[in-house]
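Chemist: take this sequence and fold it.
(one chain, ligands or ions: 1)
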Amino acid sequence: MMQVHIGQSILEIVEGDITRQDTDAIVNAANPSLRGGGGVDGAIHRAGGPKILEECLKIGGCPTGEARLTTGGNLMARYVIHTVGPVYKDGAHGEPQLLASCYRESLKLASANGIKTVAFPSISTGAYGYPINNAARLALQTVKEYLAEHPEITLARFVLFGKAAYEAYEEALKGV
Ligand code: AR6
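Modeler: Reported below is the predicted structural model:
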């Protein structure tokens, strides 16, 4: 675990499973259909139960770089924020802008809904193939900038799945 203070807020990284977080909201790395999938998406729907998918189907989908809010179902977290990261091609197809937008739009939804504590996975770095070192730097920098201007978010926690992902974020956080 590693923590930095950004104004009134805390930015932290932990190694773990996002479905077990007790933050007000957890963020899902979804796909544009919002119909569920593998990776962190599959884990969240399995742990949270059918209410989440029911709301996702009502919402009907989500464009890349945007975010949508549902219940947390059976999770400890009251809400799930579903965001859709970019599929990584070569970094020259808007991937950095879209990935930054995922973090920003998720935090905007949190602020608008009274959500004070948020847990993020490492969006786009699994099935979507975004190189993790670049993604980590961009993710931490984007969230840091948001926290500096939004003290209503008291905690942003990155929950990294496995030692390699944690170490990539640890290295990136040293530079933030
Ligand atoms: N807790 C935290 N992180 C996790 C967990 C977990 N329980 N499980 C996996 N990760 P991915 P993407 C990490 O593939 O790249 C889905 O099918 C994982 O190790 O879940 O944005 C969607 O429906 C990796 O570091 O998301 C989309 O189709 C990170 O979460 C597509 O995958 C993201 O990996 C989205 O791909």
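
Chemist: CA atoms for contacts and neighbours, from now on please.
Modeler: Fine.

Chemist: for the spatially most central residue of the chain, which residues are in contact?
Modeler: The centroid of the chain falls nearest to Phe120 when counting by CA atoms, centre = their mean (3.2 Å). Phe120 makes contact with Ile18, Ile26, Val27, Asn28, Ala156, Arg157, Phe158, Val159, according to CA atoms under 8 Å, 6 or more residues apart in numbering.

Chemist: distance of it from the ligand?
Modeler: Counting by CA to the nearest ligand atom, to the nearest Å, the gap from Phe120 to the ligand is 8 Å.

Chemist: same question for Glu167.
Modeler: 12 Å.

Chemist: and for Ile6?
Modeler: According to CA to the nearest ligand atom, Ile6 and the ligand sit 23 Å apart.

Chemist: what about that residue, how many neighbours?
Modeler: 19 (other CA atoms under 10 Å).

Chemist: now do the contacts for it.
Modeler: Contacts here follow CA under 8 Å, 6+ apart; on that basis Ile6 touches Lys144, Leu147, Ala148.

Chemist: now Gly60: phi and psi?
Modeler: Dihedral pair for Gly60: phi 90, psi -10, per degrees, to the nearest 10.

Chemist: still on that earlier bit, can you give me the distance of the residue nearest to the centre of the chain to Val159?
Modeler: Using CA to CA, to the nearest Å, Phe120 is found at 6 Å from Val159.

Chemist: ok, Asn74 next?
Modeler: In terms of CA to CA, Asn74 sits 19 Å off from Val159.
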